[in-house]
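Asker: Return a 3D structure for these sequence lines:
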Amino acid sequence: MRTLEQIKQASLITAIKTPYLASGEIDLATYDYLVEQQIAAGVDGIVVGGTTGEGQLMNWEEHLMLIAHSVNKYADKLVIVGNTGSNNTREAVKATEYGFASGMDAALQINPYYGRTSIAGVIEHFKRVLAIGPAFIYNVAGRTGQDLTPDIIEPLAQHENFIGVKECGGNERIEHYEQQGIACWSGNDDEAHDARHTYKAHGVISVTSNLIPGLYRQLMDSKSDALNASLQPLMSWLFCEPNPIAINTALMMTGAVKPVFRLPYVPLNEQQQAQGVTLINQLDGVAVVGGSKATPLNLENTIILP
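Answerer: Now for the predicted structure:
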């Protein structure tokens, strides 16, 4: 396992996609292909079973298997972050213990959602999971319905296992934390270039880098307003529906993964797919995971599983 300081050096972490076989099982061969594309592009780490990786659609057996598989094959090349958070503290504790027993470097921990609790309850929840091992705290109020404000984060940042925040609350919030020595990774792909180079974020935990890891590596390594501007339409399209619908569709359209969805996710509609095909095919094909021209999905061959 890496130290906190080593983990903090990771500026580009991909929230890796989980692909499926037609049977509905996780497609480990294709998963390995996706991860190896990330390694080849110079990505620093992956989040396993995050929102993009559809951890919310997995049972814990699948989820923890995928973390263990990732550690076994790639821990020498990537920071392995297991999304072992839950709105159920007991489940989060158990999953986090198992994840660290498998050798993951860090956990991604979210505040309890839907069955929301008090601020005091949120803080106690995080203290329990931080006691187990190094963790990123994930603030995404648009999904949880509860913003993790500085009065919550700043005391937690004193914990010895606190790595930093995956922050979706904007770049002013990121700047505020970084000025205090609290490490932040942008959770908003369209803002991440400026977060990194203007607001001094440590980096990004990205969806877009599933599709264009090499170009996103460039965005994190060097300030380039031109490259950032050129990628804004693609990043906007990737969030035209709730994530991970568009990134799933995109990786299927480039042939990187099989056209298999787990409900409640379904493909983008024909008009949205056409927009994506145009945006993807404007890029150098070598830079796109799948390596081929994007084409709309053949819905007759697309499998949507319960």
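Asker: List the residues that contact the closest residue to M253 other than its chain neighbours.
Answerer: In space, and not counting its chain neighbours, M253 is closest to A294: 4.2 Å by Cβ to Cβ, 6 or more residues apart in numbering. The way it works is simple: take the backbone N, C-alpha and C, and place the C-beta from them, glycine included. Residues near A294 by Cβ atoms under 8 Å, 6 or more residues apart in numbering: A250, M253, T254, G276, V277, I280, N281, V288.
Asker: Repeat that for V35.
Answerer: V35 neighbours (Cβ under 8 Å, 6+ apart): I16, I46, S70, K73, Y74, L78.
Asker: switch the cut-off to 10 Å
Answerer: T14, I16, K17, V43, I46, V48, H69, S70, K73, Y74, K77, L78 (Cβ atoms under 10 Å, 6 or more residues apart in numbering).
Asker: cool, and H63?
Answerer: By Cβ under 10 Å, 6+ apart, the neighbours of H63 are 18, 26, 48-49, 53-57, 82-84, 95, 98-99.
Asker: Now, of the contacts of V35, which are buried?
Answerer: T14, I16, K17, V43, I46, V48, H69, S70, K73, Y74, L78 (16 or more other Cβ atoms under 10 Å).
Asker: just these now: which is nearest Y113?
Answerer: V48 (19.6 Å; Cβ to Cβ).
Asker: Tell me if I'm right that that closest one and V71 touch.
Answerer: Yes. Counting by Cβ atoms under 10 Å, V48 touches V71, with 8.8 Å between them.
Asker: which neighbours do those two share?
Answerer: In contact with both V48 and V71: L78, I80, G82, G99, M104, using Cβ under 10 Å, 6+ apart.
Asker: Throw those into TSV and include distance to M220, pLDDT and secondary structure, thanks.
Answerer: Compiled in TSV, the shared contacts of V48 and V71 are given as follows (distance: Cβ to Cβ, whole Å; pLDDT from 0 to 100; DSSP: H, G, I helix; E, B strand; the rest coil):
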residue	distance to M220	pLDDT	secondary structure
L78	15	98	coil
I80	19	98	strand
G82	22	98	strand
G99	26	98	helix
M104	22	98	coil
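Asker: Please, a ChimeraX command that selects the buried ones among those?
Answerer: Restricted to buried positions by 16+ other Cβ under 10 Å, the ChimeraX selection for these reads:
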select :78,80,82,99,104
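Asker: Okay, strands next: where are they in the stretch 201-306 of the chain?
Answerer: Per DSSP state E, counting those that start in this stretch, the stretch 201-306 of the chain carries strands over the ranges 203-206, 260-262, 303-305.
Asker: Farthest-apart pair in the shared contacts of V48 and V71, please.
Answerer: L78 and G99 (15.0 Å).
Asker: Just the pLDDT for T18.
Answerer: Turning to T18, the model gives it a pLDDT of 98.
Asker: thinking again about what came up before, next step: the contacts of A294 restricted to helices.
Answerer: A250, M253, G276, V277, I280, N281 (DSSP state H).
Asker: right, and the helix or strand after the worst-scoring helix or strand of the chain on mean pLDDT?
Answerer: Using mean pLDDT, DSSP states H and E, helix 141-144 stands out as the lowest-scoring helix or strand of the chain, at a mean of 94. Later in the chain than helix 141-144, the nearest helix or strand by DSSP states H and E is helix 150-156.
Asker: Mind picking the one among the shared contacts of V48 and V71 that's closest to L211?
Answerer: Nearest to L211 out of those is L78 (Cβ to Cβ; 17.8 Å).
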